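1. Quick one: sequence plus predicted model below, questions after.
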Amino acid sequence: MNEDFLLIILRDLLPRRPDLRLILMSATINAELFSQYFRDAPTIHIPGLTYPVEELFLEDVLEKTRYLIKSEADNFQGNSRRRMRQQDSKRDPLTDLFEDVDISSHYKGYSMTTRQSLEAWSGSQLDLGLVEASIEYICRCEGEGAILVFLAGWDEISKLLDKIKANNFLGDTRKFLVLPLHGSMPTVNQREIFDRPPANTRKIVLATNIAESSITIDDVVYVIDCGKAKETSYDALNKLACLLPSWISKASAHQRRGRAGRVQPGVCYRLYPKLIHDAMAQYQLPEILRTPLQELCLHIKSLQFGAIESFLAKALQPPDALSVHNAIELLKTIGALDDTEELTPLGRHLCTLPLDPNIGKMLLMGSIFQCLNPALTIAAALAHRDPFVLPLNRKEEADAAKRSFAGDSCSDHIALLKAFEGWKDAKRYGKERTFCWENFLSPVTLQMMEDMRNQFVDLLSDIGFVDKSRGAKAYNEYSNDLEMVCAILCAGLYPNVVQCKRRGKRTAFYTKEVGKVDIHPASVNASVHLFPLPYLVYSEKVKTSSIYIRDSTNISDYSLLMFGGNLTPSKSGDGIEMLGGYLHFSASKSVLDLIKKLRVELDKILKRKIEEPHFDVSVEGKGVVAAVVELLHSQDIRY
DNA sequence: GAGCACTGC
């Protein structure tokens, strides 16, 4: 909201309406300006009230701290360090821009050491020593007040924490309370972040973007801004989501600075040059240009906005045509849109679920094939967030806890399921807190999952897939049958399939779009060398330092043949193909014929159920479902 | 061997 506009409302409205209470949650008002208008007014608490914050850039910070930045290239011979860095693959336009600046002329007024440091400074790599020096400078030379440090991610928080612990001055735990703040770190004592620390102790919070808007720490007087944040983007060519560090926008920088002035005037230390700040984008790229679009495309169809491409082309900043094409193809592949881009009956059901189409399909399939509870739990976790927390020091224990939930299932999704079920049991006996603590789980996330599950049941009941009067048992015949649960995961997550190929004692993983991928180290499957079954399905593939499959479940040929994509005859020989020929299945003709026949019958039942949700699969489809279950249990392990 | 953040229905 416009600041002046807000003040006018306050000035004109408040005197005439003393009974009126304005609650301004997201506005920020300059405190001096505010007091001009309200000199005689009684004190009104306005959450958005802010004080001025002085702004220092890298060059000023270097002058103050006398910190000397050492170039990574200092270890090498030669004097063209900056040129060497220009060959750095991680470089970006803003970093490049600064590399081209003539330091000695542009920073004439600055000291020799500052100019040397600016020469050595690299925009592509954060100098944690500089962060440490800035914190130390504030603690030694500036007044009281908490320090908030904005960093890009987990890694930087963790490393800086270690550095501070080892620092002779800052390592004194009586004088300094250093708190990491990251969305997936367990916070031992939540209150410590918000509370004023004991007298003579300074609070230092090492945070990600979470402190930019989600969490407000009132007593912050100093902000240290490294200028970077991890940002999602979408690579339409490789159909790949990315999570990479990038320069923040001016809007973000402004917001970070504003975190300092909530109780008194503050100071913001920016650890990048003013030149970089001035060249930053005004705002972050709109989300529509940074994410996969399948859910959006589905809703465009359900709201009858006409052809998807032409509708999205009218957006203020239209997404790339290839991104739109990818989304439409995906919706066709999972059967939500037909060849003419019209909604299918399945597509119409998916519109009613507030979920990514794949996860929505998994939920529907779970309700149809009587695995409702697992489907609800896994859908809630995938749609919301991972309930497993990531502790700083006890990584091995946390990994072990997650693996023990997975058992020998080779599935992160089963681990989620078992963790949730364990929590429900513990809750029944009032042991919820200990259970979460011992197993590295977030009680808040688990509670949210439970609420979401209830919401999903209501929605499934609205569209006729669940009849609450029949009781839970009717929908959970196969809920304890792990083969069946994995098959439902396959049905939902397809075409997100990974081929596992044996390479000696290890396994290599391949996807159709990008070829070789890695299993994310936090996955229970990261420590598995040889998988009992030849495929994995996954819900998230993200490029960070490598292309990682974040969550996966090991599945059989039969799961794919029954619940995967359409079966097509092989171009060569007499096998079966799937995923445009990427996946190939071979067996004797009689076996393949049986499989094809069974699949045809299964699809018939599924089609009828989707078109008539009240149709009872467990009665008329009993024989076919039983045959499919038997097939899933007979998976051969020749691979 | 690695984990920005939020929102809506």
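-> Arrived safely, thanks for sending.
2. Would you point out which residue is most central in chain A?
-> A:R385 (7.6 Å; Cα atoms, centre = their mean).
3. what's near enough to touch it?
-> A:184, A:445 (Cβ atoms under 8 Å, 6 or more residues apart in numbering). Just so you know, the C-beta spots here come from the backbone N, C-alpha and C atoms, and that holds for glycine as well.
4. how about the residues of chain A that lie near DNA strand B?
-> Chain A has residues A:152-155, A:158, A:182-184, A:208-210, A:214, A:229-232, A:243, A:295, A:354, A:383, A:390, A:395-396, A:399, A:520-522, A:526, A:542, A:544-546, A:548 near DNA strand B, with proximity defined as Cβ under 7 Å from any atom of the strand.
5. List the residue ranges of chain A that fall below the pLDDT cut-off.
-> A:1-49, A:72-90, A:188, A:635-639 (pLDDT under 70).
6. count of neighbours near A:R290?
-> 16 (other Cβ atoms under 10 Å).
7. these two touch, right, it and A:A241?
-> No. Applying Cβ atoms under 8 Å as the test, A:R290 and A:A241 come out as separate, 9.0 Å apart.
8. Identify the contacts common to those two.
-> A:232-234.
9. Report the contact partners of A:F311.
-> A:300, A:305 are the contacts of A:F311 under Cβ under 8 Å, 6+ apart.
10. same check, this time on A:I276
-> Residues in contact with A:I276 (Cβ under 8 Å, 6+ apart) are A:94-95, A:97-98, A:123, A:227, A:247.
11. One more: A:S411?
-> A:S411 sits in contact with A:486, A:489, A:524-525, A:552-554, where contact means Cβ under 8 Å, 6+ apart.
12. Apply 10 Å and report the result again.
-> A:378, A:405, A:417-418, A:482, A:485-486, A:489, A:523-525, A:536-537, A:551-555 (Cβ atoms under 10 Å, 6 or more residues apart in numbering).
13. ok, now how distant is it from DNA strand B?
-> Distance, A:S411 to DNA strand B, using Cβ to the nearest atom of the strand, to the nearest Å: 17 Å.
14. hey, where'd the helices end up in the stretch 351-500 of chain A?
-> For the stretch 351-500 of chain A, the helices defined by DSSP state H, counting those that start in this stretch occupy A:357-368, A:372-383, A:395-406, A:412-428, A:432-439, A:443-462, A:482-493.
15. Reformat these as TSV; add distance to A:A166.
-> Formatted as TSV, these follow (distance: least, Cβ to Cβ, whole Å):
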stretch	distance to A:A166
helix A:357-368	44
helix A:372-383	37
helix A:395-406	20
helix A:412-428	35
helix A:432-439	28
helix A:443-462	33
helix A:482-493	44
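16. Can you say which of those helices is nearest to A:C268?
-> Closest to A:C268 of the helices of the stretch 351-500 of chain A is helix A:443-462 (Cβ to Cβ; 30.8 Å).
17. packing partners for that closest one?
-> Judged by 3 or more Cβ pairs under 10 Å, 6 or more residues apart in numbering; DSSP states H and E, helix A:443-462 is in contact with helix A:357-368, helix A:372-383, helix A:412-428, helix A:432-439.
18. angle of the last one against helix A:443-462?
-> Angle, helix A:432-439 to helix A:443-462, by axes from the mean of the first three to the mean of the last three Cα atoms, to 10 degrees: 110 degrees.
19. List the buried residues in helix A:432-439.
-> Across helix A:432-439, burial judged by 16 or more other Cβ atoms under 10 Å covers A:432, A:435-436, A:439.
20. picking that back up, for the helices of the stretch 351-500 of chain A, which one sits closest to A:P198?
-> helix A:432-439 (25.3 Å).
21. Quick one: work out the angle between that closest one and helix A:412-428.
-> Helix A:432-439 and helix A:412-428 are oriented at 150 degrees to each other (the same axes, to 10 degrees).
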